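Undergrad: give me a 3D structure for the following:
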Amino acid sequence: MSISLPNLILLPPAALGVAALVLVAALATPLRLPAPLASIHAGAMNIDRAGMPALSRFQARDGTWLAYRLYPALNDAVDRLGIVTHGSSASSDEMHVVARALAQNGVSAVAIDVRGHGASGTRGDIGYIGQLDDDLADLIAELRKTYANARLELIGHSSGGGYVLRIAGGPLAEKFDRFILLAPYLGYSAPTNRPNEGAGRWAEPDLPRIFALRGLAGLGLDWPQSLPVIAFANAPEAARFVTSQYSYRLLMNYGPPTDWKGAFQASSGRIQVIAGEKDELMDAPAYKTAVEPLGAKVSLVPEVDHMGIVYQPAALAAIVAAVK
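TA: Just a heads-up that it's a prediction; the model follows:
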């Protein structure tokens, strides 16, 4: 049961004081940093960045200039366009090999620095929950100046895959022909997650702070949502290039919707999930049992792990086949 502001005010003083102390403690507890996850760092270092195009920029509706990399199709075709989104803490360079493979196969591609990452906005934060959706709509409007009649594909990796699912279940879904989810994160309690420990410990969420901020949001108080609530297991030497913490509002926007099953059903027949059989963060076989009954196609790539899905040749072949 949620507590409204009037009901909170009517609490006995002692109970109100206890609630205030619990809230302050939850907000004040420092965010813990997980130990670096070697497989993710090694995978990121294995990505071939040769020939990566320079950043381009467009102006979002709030005036902020956001960054992306453009990969025109090598055959100069303009009838297909893939918008490619990176995983948590990363930026557009993570998706360079995917975007390059699409362009080499006649599909123009745009790899974006999602706001809060890379060269877009403030690292680790956004202005409000839903701003990333507004940014995507603004990007589409910008791209339509060149690709007026192109069929759009939305492709995302890991948390970016979860975000693609969010779009597939929302009002922007009608803008896209297909959605390709690469080893997608489907939510904290989804059956496709491996235990967040050992080789799979990529993120350290501050659950007390998350619950406190969620409670405050229910009271109409959103000013503390810039506080960091999750840290990622990046290597120290990568700190200059990655986003190692997310604010509450970025975490709530860049990932899957609460009703991930409903989102699959909303775009039934237009979603394909591609994952590596050796994914150390996601339980790849579970995608088949969890999402195929919801109308999504699932392809598993042998000998590929969580990062390999964005650069290994077999994974790239599966992605190109799904788009084309």
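Undergrad: show the pLDDT at Glu197.
TA: Turning to Glu197, the model gives it a pLDDT of 70.
Undergrad: if I look at it, how far off is Ala183?
TA: 18 Å (C-beta to C-beta, to the nearest Å). (Each C-beta comes from the backbone N, C-alpha and C, glycine too.)
Undergrad: and for Ile167?
TA: As defined by C-beta to C-beta, Ile167 lies at a distance of 17 Å from Ala183.
Undergrad: between the two, which is the more surrounded one?
TA: Ala183 (29 against 24; other C-beta atoms under 10 Å).
Undergrad: my read: the more buried one touches Gly161, true?
TA: Yes - the pair formed by Ala183 and Gly161 meets the contact definition of C-beta atoms under 8 Å, at 6.5 Å.
Undergrad: and Ala314, what is it in contact with?
TA: The contact partners of Ala314, taken as C-beta atoms under 8 Å, 6 or more residues apart in numbering, are Val301, Pro302, Glu303, Val304.
Undergrad: chain center to the one helix or strand it maps to, what's the gap?
TA: Take DSSP states H and E as the rule and Ala314 turns out to sit in helix 313-323. Using C-alpha atoms, centre = their mean, to the nearest Å, the distance from the centre of helix 313-323 to the centre of the chain it belongs to is 20 Å.
Undergrad: host element of Gly216?
TA: One thing to correct before we go on: residue 216 is Leu, not Gly. Per DSSP H and E: Leu216 is located in helix 207-218.
Undergrad: beyond that helix, next helix or strand please.
TA: Using DSSP H and E, the helix or strand that follows helix 207-218 towards the C-terminus is strand 228-232.
Undergrad: wasn't Ala44 part of a helix?
TA: Yes - secondary structure of Ala44, determined by DSSP: H, G, I helix; E, B strand; the rest coil: located in a helix.
Undergrad: wait, it sits on Phe232?
TA: No - between Ala44 and Phe232 there is no contact, the gap being 11.6 Å when judged by C-beta under 8 Å.
Undergrad: tabulate the contacts of Ala314 (a markdown table), appending secondary structure.
TA: Shown next, in a markdown table, are the contacts of Ala314 (three-state DSSP):
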| residue | secondary structure |
| --- | --- |
| Val301 | strand |
| Pro302 | coil |
| Glu303 | coil |
| Val304 | coil |
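Undergrad: find the residue closest to the residue nearest the centre of the chain in space, skipping its chain neighbours.
TA: The chain has Gly160 as the residue nearest its centroid, 2.5 Å off, counting by C-alpha atoms, centre = their mean. Nearest residue to Gly160 in three dimensions, chain neighbours excluded: Thr85, at 3.7 Å (C-beta to C-beta, 6 or more residues apart in numbering).
Undergrad: count the neighbours of the one you found for me.
TA: Residue crowding around Thr85 was assessed by other C-beta under 10 Å; the count is 30.
Undergrad: contact partners for it?
TA: With contacts defined as C-beta under 8 Å, 6+ apart, the neighbours of Thr85 are Met95, Ile112, Val114, Leu154, Ile155, Gly156, His157, Gly160, Tyr163, Val164.
Undergrad: give the contact list for the spatially closest residue to Ala266 that is not a sequence neighbour.
TA: Residue nearest to Ala266 in three dimensions, not counting chain neighbours: Gly169, with 4.5 Å by C-beta to C-beta, 6+ apart. Gly169 sits next to Pro257, Asp259, Trp260, Gly262, Ala263, Phe264, Ala266, Ser267 when contact means C-beta under 8 Å, 6+ apart.
Undergrad: what is the burial count for the last one?
TA: The local packing count at Ser267 equals 22, with neighbours defined by other C-beta under 10 Å.
Undergrad: what about it, distance to Val323?
TA: Summarising the geometry, the distance separating Ser267 from Val323, computed by C-beta to C-beta, is 15 Å.
Undergrad: now swap in the second one and tell me
TA: Taking C-beta to C-beta as the measure, Asp259 falls 26 Å from Val323.
Undergrad: okay, the two: which has more neighbours?
TA: In this view Asp259 and Val323 are compared by other C-beta under 10 Å, and Val323 has more residues nearby, 22 against 13.
Undergrad: and that one, what's its pLDDT?
TA: 94.
Undergrad: what of Gly17?
TA: According to the predicted model, the pLDDT of Gly17 comes to 47.
Undergrad: flag every buried residue along stretch 284-304.
TA: Taking 16 or more other C-beta atoms under 10 Å as the basis for neighbour counts, the residues of stretch 284-304 that come out buried are 284, 286-288, 290-291, 294, 296, 298-301, 304.
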